[in-house]
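1. what's the 3D shape of this:
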Amino acid sequence: MNRQRAATQRRSLIGAAAFAAVVLSGLLSTNAHATTSCVPGPNDRPEIMQGAATAAERNAPGGYQGAWCGARLVGANELYDRGSYGNTAIMGKCLYSSMRDPSDLTLLTTGTAVIDNSVPSNPQIVGMLRTPAMIRAYSTLYVRGDGKLIGAFKDFGPNGTNPVDLYDVSGDCLHPVLLTTIDVPGGNHDGWFTPDAKTYYGIPFGGVRLLSGPVGAEVLNPARIDMHVTDFSDPVNPKVLMTWNRLQIPAEIQGLPTHPLATTNFHMVSSNKTMTRLYMSMYGGNNSLGGNNNNPIPDQNQACSNGLVILDSTEVQNRVPNAKLKFISFTSWCDSIQQIDPDFGDGSTASGHATEYIIHENGREYVLSTDESGGGLDGGPAGMCAQRSYARMIDISDEYHPQVVGTFKTDVNKPENCAAILAADTNGGMVHYMGIDDRWHARVVFYAAANSGIRVVDWRDPRHPKEIAYYHAADDAKTAPGATDFTRPDIPYDPTNCLFYTGWNQGGLKTLELTNPEYNACMKRVGSGNGSLLDASGTKKAQVELSARRVGKSRLIGHFSLTDRGAGASLKMSQLTMVGSVRDACGSVPSQSYASMQFEGAGTYNGAAATFRVCLQQNAHRESEHEGSSAREAAEAGRQARAEESGREGAATPNFVHVSCTSGCSYEADGAFEGRLTVSQEHDD
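-> Residues are numbered from 1 along each chain as shown. Presented below is the predicted three-dimensional model:
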C-alpha cells in the first residue's frame, strides 16, 4: 500500500468514526467512557462506545482496525491461518492451542498445536496433536495436577464415539506423551478436569432430549445424559464412574415454580478447591438457544429454567462405591436478579453459560457466571437489544441460598443505549467465557466477549466491579466485510510473566498483558547488580553495573553500563523505557521465571546514540520447586529461596545477564554473571 492510499484510508476511517461518535454522543444517556475505568494511554486506541464497533468502523478500508485500552499485544501466532480458534492451555514454556470446528479433520494442520513459548513475543508451532480428541478439542483443554493435559472432542465424535485424550507434559512439554484415550458415554461440549487431575466431569450439549415421545404425548426421558464422570486416578487406565441427569434432582425441587427441568441443556461445570462441590450452569431461559420450545409438560416454566445448580460431589471425590451426586440448590435468575440489576427483568432473554468457582481475595467463596445469546453471538444491534446478557458475582457462603451480589455489562449491553446502537448499526458481544488471575485469591477476571473482544474487570469490590482494560483485535484478512472477528473461549493467565492468552476465531492466538502496574505485578520487578559477565569458558568478558525499577505508575529509573575492552565496546543506558517480564529473545535468560526480568532503554554505544535490551536471571532454578503455587505464594517462596542462595558460597546455578543493541549498534553479550545480582518483585499490600 502506497503512502497516499494509506493516508486516504486513515482520513476515511477518522471521518467515519467521528460521524459515529456524534450519533452516539447524541443518544447515549452517559458519556462514551461512562462505565469503564480504563483511562486511555498514549499508545491506546479507545472505543467510541464501550463494547461496540459501529458500522462506520467495521466498513472502513481494510476492515475494523481494532480498539484497546489498558492492554497491549505481546505476541501472536496465526496458527497456520486455519481459523476456528478453540482454546489454549499452558505449561511452563509450552502452549497448546486447539480448533473448535475444523472443516477438514484430515489436514495435517488440524489438531491441537504444540507451541514453544520460550520467547513470548514470538511463539512458534513445533508440533501438532492429532489424536482422537485433540483433533477437535474445545473448552475442555486443561493442564492439571503435576502436568496432565486433557482434551475432549467437541460435542459428539465420529461413528458414535466421544473421545477424551490424556497426555503427560510434566517432562519435555514440547513433546507431550499420550497416556490414554477413552470413549465416554456422552458428548463433550464443555467439561471440568479437577485440580488434582483425577476426575473429569463432561457436559454434553444436545443429543438425546430430556423430553421424548410423540408430539403432544412427550415424557421425561431418564436416558438423557446431562453429565458424565470419568476417573483418571490411574492415568493410563481411566474408567467411567457414572452418568447423571436432572431427573435425579429431588421431586420437591422439581415441583417448584422455578426449577431446572424445562431447560434444553446444562452448559458448564467447575468445582471448589476441595473438589467436593460442583457448580453447573443451566442453559435455559425464554430464548431460541436455551428454552425447551413447545414444552408440553405442565407447570414447567421455561423462562425460569435458567441459573445455577450446586451438587455435592464428596462421594465421587472420595471414590465411594456406587457414589452419588447429591443435590444442594438451584438458583434461578428469575429469583435472584431483580433486586441487583433491574435492567434484565427476569434474566430469561439469554442463557446461563459459564460458571467458575473462585475464592475471592476477601476470603469468601463465589461463583462467577456469564450468559450466551443468539444476539451476542451474531453481534447485531437488534439481537443484543432483545437478548440481554451480563456477568454475575454470586456469593455462595450459604450454598443453599446463593445470592447474586454484583453484575457487569458493557454500554453496548445496556437497554437505555438500544436507540443509539440501532441508529449507528453498532455491533457488540457479550461477556461469554472467562479466565481468572488467581482462582484461589481472585481479583481480576478476563472475559472473552465475542464481538466485544477481551474485557478485563476488577472485582475487588464484588458489588461494584469496574472494567480496567479491553482489547479488541483488528480484523483478520478472512473476516467477512462489515463484521468483526470474535473471541472464545477460556483465557488462561500466566502469573510468572503476567501474560494472558486468548484467540480470535480467524486471527489465531494472541498473547496480551495489562499496562497498568496496579494490575501487572511484573511491571514492578526490580533489578540491580555489579560484577562481571563471563564468556563460555568462564573468563571475564565485560564489567557490568545496572539498576532498574518502577516508581509509582509511570516513572522508570535506573541505568546500565558495560565495558568490554576485548570488543572495544562501551554501553551506557541512562533512560529506561520498559521494565517487566522477559518476553523477547534473551539468550541464557528464560522467560518462565519469577526471578527473571527484562528492561529496555536508550543511551550510547561508544558515544553514539543507541537503544538496548537487558535481561536478568537470579538463580531461577529455584523457581521450579514452586510450580503450581499461586502467583503470590510462588513469588514469595522464590524470594526466600534466592535470599538463602545468596548467602551460600558456590551456588550450583549461576546468575545470567543478556544485553543486546536494538538500534544504533550490533553488539550482543550473554552469559553467566559473577558478582552481585538481585531480581525481586514488589507487591501492593
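2. quick one: low-confidence parts of this protein?
-> Judged by pLDDT under 70, the chain has its weakly predicted residues at 1-35, 215-216, 218, 257, 259, 288, 290-302, 336-339, 620-652, 684-685.
3. give me the domain ranges for it.
-> Per automatic domain parsing, the structural domains of the chain span 3-68, 521-681.
4. Ala323: which of these is closest?
-> Ala323 sits nearest to domain 521-681 of all the domains of the chain, at 26.8 Å, using Cβ to Cβ. C-beta: built from backbone N, CA, C; applies to glycine.
5. got the end-to-end distance for that closest one?
-> Counting by Cα to Cα, to the nearest Å, you get 7 Å between the two ends of domain 521-681.
6. please apply the same query to stretch 303-316.
-> End-to-end distance for stretch 303-316: 32 Å, by Cα to Cα.
7. any chance you could map the strands in the stretch 201-350 of the chain?
-> With strands called from DSSP state E, counting those that start in this stretch, the stretch 201-350 of the chain shows them at 211-212, 219-220, 227-231, 239-244, 265-271, 277-283, 307-312, 326-332.
8. okay, the ones you listed, which one's buried deepest?
-> strand 277-283 (a mean of 27; mean count of other Cβ atoms under 10 Å).
9. chain center to the helix or strand that Asp165 is a member of: distance?
-> Using DSSP states H and E, Asp165 sits in strand 163-168. Centroid separation between strand 163-168 and its chain, computed with Cα atoms, centre = their mean, to the nearest Å, is 22 Å.
10. please apply the same query to stretch 319-328.
-> In this view, stretch 319-328 has its centroid 32 Å away from the chain centroid, taken as Cα atoms, centre = their mean.
11. in that stretch, what counts as buried?
-> 323, 325, 327-328 (16 or more other Cβ atoms under 10 Å).
12. looking at those, which is nearest Ala89?
-> Leu325 (26.2 Å).
13. next one: the closest one from Phe193, what distance?
-> 17 Å (Cβ to Cβ, to the nearest Å).
14. and Tyr667, by the same measure?
-> 48 Å.
15. quick one on the thing from earlier: can you list contacts of the strand holding Asp165?
-> Applying Cβ atoms under 8 Å, 6 or more residues apart in numbering, the external contacts of strand 163-168 come out as 129, 131-134, 137, 140, 147-153, 157, 176-184, 188, 200, 202, 230, 232, 235, 238.
16. adjacent strands (with direction) for the helix or strand following that strand?
-> Downstream of strand 163-168, the next assigned helix or strand under DSSP H and E is strand 177-183. Strand 177-183 has the following strand partners under DSSP bridges: strand 163-168 (antiparallel).
17. between the strand it pairs with and strand 227-231, how many degrees?
-> Computed by axes from the mean of the first three to the mean of the last three Cα atoms, to 10 degrees, the angle separating strand 163-168 from strand 227-231 equals 40 degrees.
18. now strand 163-168: buried residues?
-> Buried, per 16+ other Cβ under 10 Å, within strand 163-168: 163-168.
19. what is the neighbour count of Thr110?
-> Residue neighbour count, defined by other Cβ atoms under 10 Å, stands at 21 for Thr110.
20. OK, contacts around the spatially closest residue to Ser233 that is not a sequence neighbour?
-> Using Cβ to Cβ, 6 or more residues apart in numbering and skipping residues adjacent in sequence, the residue nearest Ser233 is Lys198, 4.8 Å away. Counting by Cβ under 8 Å, 6+ apart, Lys198 touches 145, 231-233.
21. what about Arg58, how many neighbours?
-> For Arg58, the count of nearby residues is 23 (other Cβ under 10 Å).
22. picking that back up, now the strands of the stretch 201-350 of the chain as TSV including distance to Thr539?
-> Shown next, in TSV, are the strands of the stretch 201-350 of the chain (distance: least, Cβ to Cβ, whole Å):
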stretch	distance to Thr539
strand 211-212	79
strand 219-220	80
strand 227-231	57
strand 239-244	59
strand 265-271	55
strand 277-283	60
strand 307-312	65
strand 326-332	67
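23. the stretch 51-200 of the chain: strands as residue ranges?
-> Counting by DSSP E, counting those that start in this stretch, the strands of the stretch 51-200 of the chain are 67-69, 71-77, 85-91, 94-99, 112-116, 124-129, 137-144, 148-153, 163-168, 177-183, 190-193, 199-203.
24. nope, the stretch 401-550 of the chain is what I was after
-> Counting by DSSP E, counting those that start in this stretch, the strands of the stretch 401-550 of the chain are 403-408, 433-436, 444-448, 454-458, 466-472, 493-494, 499-504, 508-514, 525-534, 540-551.
25. sheet partners, orientation included, of the third one?
-> Read that as strand 444-448. Strand 444-448 is paired, per DSSP bridges, with strand 433-436 (antiparallel), strand 454-458 (antiparallel).
26. need the winner for burial among those strands.
-> It is strand 454-458: most buried of the strands paired with strand 444-448 by mean count of other Cβ under 10 Å, with a mean of 25.
27. quick one: that strand to strand 71-77, angle?
-> Using the same axes, to 10 degrees: strand 454-458 against strand 71-77 is 140 degrees.
28. ok, residues contacting strand 454-458?
-> For strand 454-458, using Cβ under 8 Å, 6+ apart, the contacting residues are 37, 51, 70-71, 391, 408, 410, 431, 443-449, 465-472, 487, 491, 502, 512, 514, 519.
29. out of Tyr667 and Phe193, which sits in the busier spot?
-> A count of neighbours by other Cβ under 10 Å puts Phe193 above the other of Tyr667 and Phe193, at 28 against 20.
30. so in terms of bridging, what pairs with the more buried one?
-> Phe193 has these beta-bridge partners by DSSP bridges: Tyr200.
31. wait, it sits on Arg144?
-> Yes - applying Cβ atoms under 8 Å as the test, Phe193 and Arg144 come out as touching, 4.9 Å apart.
32. who touches both of these two?
-> Ile150.
33. hang on, the earlier thing: just the buried residues of stretch 319-328 now: which is nearest Thr355?
-> Of all the buried residues of stretch 319-328, Thr355 sits closest to Ile328, with 13.9 Å by Cβ to Cβ.
34. who touches the residue nearest to the closest one when sequence neighbours are not counted in this structure?
-> For Ile328, ignoring the flanking residues on the chain, the nearest one in space by Cβ to Cβ, 6+ apart is Ile310 at 4.2 Å. For Ile310, the contacting residues are 277-280, 328-330, 396, 399, 402, by Cβ under 8 Å, 6+ apart.
35. which of those residues sits closest to Asn497?
-> Comparing these against Asn497 with Cβ to Cβ places Tyr279 closest, at 29.2 Å.
36. doesn't Thr426 make contact with Gly53?
-> No Gly there; residue 53 is Ala. Yes - with contact defined as Cβ under 8 Å, Ala53 counts as touching Thr426 (6.9 Å).
37. please, where are all the helices along this protein?
-> Counting by DSSP state H, the chain has helices at residues 3-27, 55-58, 251-254, 314-317, 333-336, 374-378, 381-386, 418-423, 631-646.
38. roughly how far does Glu361 sit from Trp440?
-> Taken as Cβ to Cβ, the span from Glu361 to Trp440 is 10 Å.
39. again with Val431
-> 22 Å.
40. re the thing from before, closest to Ala602 out of the strands of the stretch 51-200 of the chain?
-> Ala602 lies closest, by Cβ to Cβ, to one member of the strands of the stretch 51-200 of the chain: strand 71-77, at 19.9 Å.
41. the closest one: partners in the sheet, and parallel or antiparallel?
-> By DSSP bridges, strand 71-77 pairs with strand 508-514 (antiparallel).
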